[in-house]
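Chemist: give me coordinates for this.
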Amino acid sequence: MMKIHIKKGDMVEVLSGKDKGKRGKVSKVFLSNGKALVDGVNVVKRHTKPRPPKVPQGGILEKTLPLYVSRLMLVCPQCNKRTRVSKQVLEDGSRVKVCQQCKKEIR
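Modeler: Numbering: from 1, shown residues only. I've put the predicted structure just below:
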């Protein structure tokens, strides 16, 4: 399994590819293959035939495909910059992510 620095609900920016520079919220993380689904990023058109139980009407459907986590970087909600993340242990034993730009906690 891979070590993944993002989780569901984080705001991320795409570092490379056709959607470079776009930002979006992570909707799902796949730990097994190191990919994540980001809303509004890596959207492709899929030509589908009608299949009554799942897809009652065919046509050209837009679908979001997962991206490798290595192509994504976390965006700090306080300073609104993309940043690397460090981990810090609080007094109560819980761990939080800390922005390397502004040194504030990311919850």
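Chemist: chain neighbours aside, what residue packs nearest to residue 89?
Modeler: residue 95 (5.5 Å; C-beta to C-beta, 6 or more residues apart in numbering). C-beta: built from backbone N, CA, C; applies to glycine.
Chemist: residue 16 too?
Modeler: residue 71 (5.3 Å).
Chemist: for the one you found, grab phi and psi.
Modeler: Dihedral pair for residue 71: phi -90, psi 0, per degrees, to the nearest 10.
Chemist: residue 87 touches residue 99, doesn't it?
Modeler: No. Residue 87 is beyond contact range of residue 99, at 11.7 Å (criterion: C-beta atoms under 8 Å).
Chemist: and the pLDDT for the residue located most distally from the centre of the chain?
Modeler: Computed with C-alpha atoms, centre = their mean, the residue of the chain farthest from its C-alpha average is residue 52, at 31.6 Å. As predicted, residue 52 sits at a pLDDT of 89.
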